[in-house]
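Novice: Test case, fold it:
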Amino acid sequence: MAAKTDATAGEKLPELSTFPLDLETAATLGAEAKGVELATIVTDGLTGLPVSVPIALKRGEHPAVESVQRHLEEYRLFPKRKAGTAQAQTFDAFCALVNRHRTEHSAIFADAAWQKPSLTAVIDYHHAEENGGQADFCQHRIRYDFPLSEEWQAWIGQNGQAMSQQDFAWFLEDRVAELSAPTDVEKTQLEHQFQTTVATPAQVVELSRGLTVAVASSVKAHTTLQTGEGSIQFDETHNDGAGQKLKVPGIFILDIAPFFMGDKIRVPVRLRYRVREGKVMWFYQIYRPDLAITEHVRHTLFDARENTGLPTYEGKPEGER
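Specialist: Numbering: from 1, shown residues only. Okay, the predicted model is just below:
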């Protein structure tokens, strides 16, 4: 084979075939080459990935395949997707934000837990298509925590908690405005259902004042009458054998708004006491507080569906505990 001539230098160059080239030599030459080459990996057909992904082929003594994403992120002008949770302070604001960001796949969830009810809209929710639909990130959310009233939180905070005689007396005196006299229907139904007496606000106040007087007393005896009315005999520490008898009703009525600026509801409250080491410990139990909360949350969830046109569910979305 004839030799080639370099037109610039006028020198004759040997044919490449005169230099034996095997795979080991090619690998060595490749390793000695330096620089970075952009390449593309075709991902068409793989779920959740773009059609192609750019990569960097790094050549040299330590060749490697690297992602170019971190380099490109430095020049990003806006996020690649929406993420985070917006906290709405009113229901109207919740609906307005949902309508601003919603997609055809967005959904609203209602957590009706009576201690802390809430609404959560997941804007980037999983697609509702046949065979399950395409998954989404569920990272863009709008939340509305129902604003519980200060009065409701105070009663819930002490619900089922044992209190000393003095603490319970003070608690009742501070919250007497939230008590209500039972109606004739309530009195009949509750006394029949719980087999105990229902107190009026005046009786509860009298009870609290009687407890204040008996703070330094020990319990001499306590019984439960057939009427369901509790009876506690106090023995004054400064009086030999002299004491007083207090009648303890089994139920009283709360007339209270669970939600800030909301409508009031009537809730029965069971009154209980236990004797520990000669002292009386008091506690109360609100009867089915979840009923009023759940009803309100369901009504609000219906309004959310009407105002946004989105599907609604009772429960929590993925990722929430």
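
Novice: Next, report how far the longest helix belonging to the chain is displaced from the centre of its chain.
Specialist: Across the chain, the longest stretch assigned as helix under DSSP state H is helix 289-308. On the basis of CA atoms, centre = their mean, to the nearest Å, helix 289-308 sits 16 Å off its chain's mean C-alpha point.

Novice: what's that helix packed up against?
Specialist: Packing partners of helix 289-308 (3 or more CB pairs under 8 Å, 6 or more residues apart in numbering; DSSP states H and E): helix 91-101, strand 107-111, strand 118-122, strand 265-276, strand 312-314. Any C-beta I mention is one placed from the backbone N, CA and C, and that applies to glycine too.

Novice: Looking at whichever helix or strand comes after the third one now, give me its mean pLDDT.
Specialist: This means strand 118-122. Sequence-wise, the next helix or strand downstream of strand 118-122 (DSSP states H and E) is strand 140-145. For strand 140-145, the mean per-residue pLDDT is 97.

Novice: And stretch 58-66, what's buried?
Specialist: By neighbour count on 16 or more other CB atoms under 10 Å, the buried set for stretch 58-66 is empty.

Novice: all strands for the stretch 151-300 of the chain, in order.
Specialist: 179-180, 217-224, 230-236, 243-248, 251-256, 265-276, 279-286 (DSSP state E, counting those that start in this stretch).

Novice: And the helices and strands packed on helix 289-308: which comes nearest Gly250?
Specialist: Nearest to Gly250 among those is strand 265-276 (6.1 Å), distances taken as CB to CB.

Novice: got the buried residues for the closest one?
Specialist: Ile265, Val267, Pro268, Val269, Arg270, Leu271, Tyr273.

Novice: Same check on stretch 310-321?
Specialist: Under 16+ other CB under 10 Å, the buried positions of stretch 310-321 are Leu310, Thr312, Pro317.

Novice: just stretch 298-308 next, same as before
Specialist: For stretch 298-308, by 16+ other CB under 10 Å, it's Thr300, Leu301, Ala304, Thr308.

Novice: what residues does it touch?
Specialist: The contact list for stretch 298-308 (CB atoms under 8 Å, 6 or more residues apart in numbering) reads 91, 94-95, 98-99, 102, 108, 110, 112, 119, 121, 146, 310-312, 314.

Novice: Just the buried residues from these, in ChimeraX please.
Specialist: Burial among the contacts of stretch 298-308 is assessed by 16+ other CB under 10 Å; the matching ChimeraX selection reads:
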select :91,94,95,98,102,108,110,112,119,121,146,310,312
